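Chemist: Structure of the sequence below:
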Amino acid sequence: MALAHSLFEGSFSVDASKKFIPFDPTIHRALDRPSSMFIHVHPFLIETSDGLVLCDTGLGLTDLDGELLLHKNIKKLGYETKDVKYVLMSHLHKDHAGGMVSFDEGVGRIAFPEAEYMVQRGEWEDAYSGINKSYRTEIFDVVQRSGNLHLIEGDGIINKEIRYNLSGGHTQYHQTFHIDTGEKNYFFGGDVLPKPEEIFQNYSAKYDFDGLRSKELRKDYWKEGAPNDWIYLFYHSKTIAIGIPELQDDGRYTIINTK
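Modeler: Take a look at the predicted model:
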């Protein structure tokens with residue numbers, strides 16, 4: 001069994017309102033949603049010697065019975081929510097932080113009661129400040145009260161397998177993660193490197209806090225990671241969610257699906 005799994009939450013269109021509207025290409029038309037981006041949402045679950053690691057938590061969508069899709073997808077893999085020991089948050093926009101908690105009849109509870117939630121202190125402070133409508137402060141209230149929150153700063157090491165780096169770029173205090181199990185080295189770039197296409201068609205995105213920094217970071221992540229067998233986790237990919245570099249005859253690298 002693979003050590004990393006996409007917990008695919010769905011495909012969505014997003015317009016200036018920043019609402020995530022489900023998009024099924026078999027029944028919906030992109031032309032009917034002008035000025036929209038179309039993205040997938042992939043939280044990731046990684047098996048480590050210290051327990052399960054969750055990279056970002058999706059939108060927090062539920063099924064008809066009110067169960068978090070995130071919980072449901074984890075159970076489909078044969079695990080329980082209590083098996084998650086670390087929740088690694090790249091940043092706290094609502095499409096990444098929605099599944100940090102669950103709500104039942106308006107009452108919020110921490111979604112992973114055995115896990116440590118790792119968040120950059122600056123990102124936490126910005127999220128609570130209400131600087132933009134991409135943050136849902138009612139989620140953070142629940143996390144704050146839970147005792148599971150761990151605020152970290154800058155670059156550092158969580159344990160022998162997990163390290164974090166303050167990247168900036170997408171948000172001022174966005175962070176990335178390396179999860180090195182010894183057998184495989186996973187890189188989670190959050191929304192600085194959310195799609196494989198951005199490696200080869202790099203650009204400065206207007207929705208980033210610092211688009212030029214994100215652009216340069218993507219170059220660095222590929223230059224360092226491709227020859228060193230990083231396995232890339234792409235949170236918003238419509239094509240390859242978990243990709244590995246492959247050397248071509250011309251000496252350049254491409255990215256291929258691990259499946």
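Chemist: correct me, but D56 touches M89?
Modeler: Yes - judged on Cβ atoms under 8 Å, D56 makes contact with M89 at a distance of 6.3 Å. (Each C-beta comes from the backbone N, C-alpha and C, glycine too.)
Chemist: any common contacting residues for the two?
Modeler: By Cβ atoms under 8 Å, 6 or more residues apart in numbering, D56 and M89 have these common neighbours: H96, A97.
Chemist: Give me the helix or strand of this structure that scores worst on average pLDDT.
Modeler: For the chain, using mean pLDDT, DSSP states H and E, the weakest element among its helices and strands is strand 20-22, scoring a mean of 80.
Chemist: next one: that strand to chain centre, how far?
Modeler: 17 Å (Cα atoms, centre = their mean, to the nearest Å).
Chemist: Next SSE downstream of that strand?
Modeler: Where DSSP states H and E defines the elements, the next helix or strand beyond strand 20-22 is strand 37-41.
Chemist: ok, residues contacting that following strand?
Modeler: 8-15, 20, 23, 30, 58-59, 95, 194, 235-238, 241.
Chemist: Sort out for me which of the residues you listed are in helices.
Modeler: Counted as lying in helices by DSSP state H, out of the contacts of strand 37-41, are D95.
Chemist: measure the residue nearest the centre of the chain to G190 for me?
Modeler: By Cα atoms, centre = their mean, the chain has its centre lying nearest to D56, at 4.0 Å. Distance, D56 to G190, by Cβ to Cβ, to the nearest Å: 7 Å.
Chemist: Equivalent analysis for D155, please.
Modeler: 15 Å.
Chemist: Look at the two and report which has more neighbours.
Modeler: More crowded of D155 and G190, by other Cβ atoms under 10 Å: G190, with 25 against 12.
Chemist: which residues touch the more buried one?
Modeler: D56, S90, H91, H96, S167, H170, H174, Q175, T176, Y235.
Chemist: Only the buried subset of the residues you listed, as a ChimeraX command please.
Modeler: Those of those that count as buried under 16 or more other Cβ atoms under 10 Å are selected in ChimeraX with:
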select :56,90,91,96,167,170,174,175,176,235
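Chemist: Mark which of the contacts of G190 are part of helices, please.
Modeler: H96.
Chemist: The contacts of G190 into CSV, with extra columns for pLDDT?
Modeler: Below are the contacts of G190 laid out as CSV (pLDDT from 0 to 100):
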residue, pLDDT
D56, 98
S90, 98
H91, 98
H96, 97
S167, 98
H170, 97
H174, 98
Q175, 98
T176, 98
Y235, 98
